[in-house]
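**Q** take a look and give me a structure for this.
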Amino acid sequence: SARLLPQCSAAPALWAAGCIVSGTVGVPFVTAAIKSWYTDTLVKPRWTPNNKVFAPTWTVLYGLLGIAACRVAQAKGPFSPEMCLAFAHHFLNLCWAPVFF
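**A** Here you go, the predicted model:
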């Protein structure tokens with residue numbers, strides 16, 4: 001049921017940390033691409049952000065995804081349909097870097 005997870009203040013931070021750490025799976029693929037085709041051969045518009053912007057942006061996004069997942073898990077349960085969708089989304093998001101880069 002919805003109360004399987006402890007209602008403590010550390011839970012959102014743990015979920016955020018878990019999402020951030022799992023998000024590092026794609027880092028080797030992105031780093032290799034930035035050192036090769038992404039920087040050298042891909043024609044990008046002038047308004048493309050500097051590469052240094054992406055790491056902190058994705059770190060914040062993954063952290064917020066973790067906090068949102070924690071809230072849903074506490075409200076609906078860790079094995080609810082909503083959490084199954086959240087886990088599927090996170091899995092597909094993690095697959096993006098190796099597929100794209």
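
**Q** tell me which residue is most central in the chain.
**A** For the chain, residue 62 is the residue whose C-alpha lies nearest the centre (CA atoms, centre = their mean; 3.5 Å).

**Q** how about the contacts made by that residue?
**A** The contact partners of residue 62, taken as CB atoms under 8 Å, 6 or more residues apart in numbering, are 16, 19, 20, 22, 23. (Glycine included, C-beta is placed from N, CA and C.)

**Q** could you redo the last one with a cut-off of 10 Å?
**A** Neighbour list for residue 62: 16, 17, 18, 19, 20, 21, 22, 23, 24, 90, 93, 94 [criterion: CB atoms under 10 Å, 6 or more residues apart in numbering].

**Q** in these, which residue is surrounded by the most others?
**A** Highest neighbour count within the contacts of residue 62, by other CB atoms under 10 Å: residue 19, with 24 neighbours.

**Q** that one touches residue 93, doesn't it?
**A** Yes. Using CB atoms under 10 Å, residue 19 is in contact with residue 93, at 9.4 Å.

**Q** and the contacts of residue 62, which two are the farthest apart?
**A** 17 and 93 (16.5 Å; CB to CB).

**Q** who are the packing partners of the helix or strand of the chain with the lowest mean pLDDT?
**A** None of the helices or strands of the chain scores lower by mean pLDDT, DSSP states H and E than helix 37-40, at a mean of 80. Helices and strands touching helix 37-40, by 3 or more CB pairs under 10 Å, 6 or more residues apart in numbering; DSSP states H and E, are helix 27-34.

**Q** could you give the average pLDDT over the helix it packs on?
**A** The predicted model assigns helix 27-34 a mean pLDDT of 86.

**Q** stretch 71-91 now?
**A** For stretch 71-91, the mean confidence score works out to 91.

**Q** show me what counts as buried in that stretch.
**A** For stretch 71-91, burial by neighbour count (16 or more other CB atoms under 10 Å) applies to 72, 73, 74, 77, 78, 83, 86, 90.

**Q** closest to residue 31 among these?
**A** The closest of these, once distances to residue 31 are taken by CB to CB, is residue 90, at 21.1 Å.

**Q** roughly how far does that closest one sit from residue 65?
**A** Counting by CB to CB, to the nearest Å, the gap from residue 90 to residue 65 is 7 Å.
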